[in-house]
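Asks: sequence plus predicted model, see below.
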Amino acid sequence: MKQLIWVNIGSYAFDKTAKTVTISGITDTIRLEWLYAIVNTNTNTIIYQPNKVGKGATLAWYVFTLDYDTSAMTNTDELMIIMDLPESSNVASTAVTSPNAEYKSPFDFTAVFTSGTTITLSVLPISITDNSQISYIKVVPASWESKIWQNGINCTLRISGSVVTIYNYTGTPFVTWDVYEVGINGAMKAFELNLNALLALIQNPDASYYQPVDLAGTTNVPAATNYYPSATGMSIDSFKNQSLTFDMIDADGTMTLTVEVNNDQALLSSNPIQIYMFDDKANAKANSRAVTNGTLSGAISFTDFNYQFFRIKMVNSGATNTFNLKWRQVY
C-alpha cells in the first residue's frame, strides 16, 4: 500500500549536507525495497529512484543515505516520499485524526497564532509545568488538508509562559490565517450532572482570570527595530485590562519602546497604530519611553484595552543593551 510520508503517515527530517532522509513515526522496522521514490517538490527533482544510476540509496535503521548530491538544496525543502508499506505496518499517528488529550482548544482554552513557529495559549484551565503536557497542535488551513504536529512524533513542542514553540519540524508549521486545535494533558475533568457538562476539577481556577506573558528577556540585541512577541503581534482575546513592566539598560546608544495596535492582524504589520500609554512609575502619559546611555524602568497600565492585536516595538541604535518586557492581562 503506497503512502506519502508526513502527509498520510509519519514524518521525516532532511539533511542536504549528509544527503540523508530520516523517517520517524513508523514503529515497524522498514526496508529499502519499500522506498518507491523521493521527490524534492521545491526544486521538482527526483532524488531517489531505485532503477536510475546515481539515484539509489542505502538504509541504516530509519535513515536513508542518498547517492544523489543534495548539497545545493535546503534542509527545509518539502520532500514527497512514497513508500510501499505493508498493510500491517504500525504508524505513530495519522495526518488528520487528533491524538487524545484531556483539554483541547477552542473548547477548554484559546490558542492563537503568534508566529510561524509559535502559538500562544490563554484562559488555561490548568497549570502547565512540563513540556510533555503539550500533546499536539492540529493545523486546519483555509485550503488543503489538516496537519498534526504531535510532540515527540514528528516534532518537539515546548512551552514557556503561555507560548508554545515548535522544534525539529519540516516545512512551515504555522500560518497567520490558519485555525489551530491544541491538545494538553493534566488533571482529569469531572462530570457535573446538573450542568450536563465536563468540568475542570476546580471550578473557575485563578488561571482563567489572569495570564502572564514573558515577551522578552535578552541582552546585546543588534541595532535594529524588533517586535515582541512578533511582527504580527498577539491577540488580546477577551482580556479586559493589561499591564507592562519593562527594564531597559543601554550603554552605547538609545533604546525606544512604543506600543502599536490594530484590530486587523494583517494591518498590524503594514499599518500599525502607535498609542499613548500611562506610566504608573513616572505618573505620566506618553506615546514612547526611551533611554540613552543609561537605565530606565517603568510600569505601564492599560485599562479597558479594547483592541484585538498589539505588539511592543523596540528600536535600538546600539548593540550593547539589556531589556526585559513582562506583560500581564486580566479579565
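Replies: Structure received.
Asks: count the residues that sit near the residue nearest to residue 271 when sequence neighbours are not counted.
Replies: In space, and not counting its chain neighbours, residue 271 is closest to residue 262: 6.7 Å by CB to CB, 6 or more residues apart in numbering. Just so you know, the C-beta spots here come from the backbone N, C-alpha and C atoms, and that holds for glycine as well. Residues lying near residue 262 (other CB atoms under 10 Å) number 19.
Asks: so residue 262 sits against residue 275, correct?
Replies: No. The criterion here is CB atoms under 8 Å, and residue 262 misses it with residue 275 at 10.2 Å.
Asks: pass me the low-pLDDT residue ranges in the stretch 51-200 of the chain, would you?
Replies: Per-residue confidence for the stretch 51-200 of the chain (pLDDT under 70) gives these ranges: 86-97, 142-145, 170, 187-200.
Asks: strands of that one, start to end?
Replies: Assigned by DSSP state E, counting those that start in this stretch, the stretch 51-200 of the chain shows strands spanning 57-60, 63-66, 79-84, 103-104, 110-115, 118-122, 134-140, 147-150, 156-160, 163-167, 179-184, 190-192, 197-199.
Asks: rewinding a little: if the residue nearest to residue 271 is in a bridge, with which residues?
Replies: Bridge pairing for residue 262 (DSSP bridges) gives the partners residue 309.
Asks: list the contacts of it.
Replies: Under the criterion of CB atoms under 8 Å, 6 or more residues apart in numbering, the contact list for residue 262 reads 233, 268, 271-273, 307-309.
Asks: from residue 146, how far off is the residue nearest in space to the middle of the chain?
Replies: With distances taken as CA atoms, centre = their mean, the chain has residue 118 as the residue nearest its mean C-alpha position (1.9 Å). When CB to CB, to the nearest Å is the yardstick, residue 118 and residue 146 sit 19 Å from each other.
Asks: and if you look at residue 173?
Replies: Distance, residue 173 to residue 146, using CB to CB: 13 Å.
Asks: please enumerate the shared neighbours of those two.
Replies: Here residue 173 and residue 146 have residue 139 as joint contacts, going by CB under 8 Å, 6+ apart.
Asks: higher neighbour count, these two?
Replies: Higher neighbour count among residue 173 and residue 146: residue 173, with 20 against 15, using other CB under 10 Å.
Asks: next one: the more buried one relative to residue 245, how far apart?
Replies: Remark: distance between residue 173 and residue 245 (CB to CB) = 31 Å.
Asks: what does residue 256 give?
Replies: Distance of residue 256 to residue 245, given as CB to CB: 17 Å.
Asks: pretty sure residue 234 is touching residue 213, no?
Replies: Yes. Under the criterion of CB under 8 Å, residue 234 makes contact with residue 213 at 7.4 Å.
Asks: so how far is stretch 252-268 off the chain centroid?
Replies: The offset between the C-alpha centroid of stretch 252-268 and the centroid of the whole chain comes to 21 Å, using CA atoms, centre = their mean, to the nearest Å.
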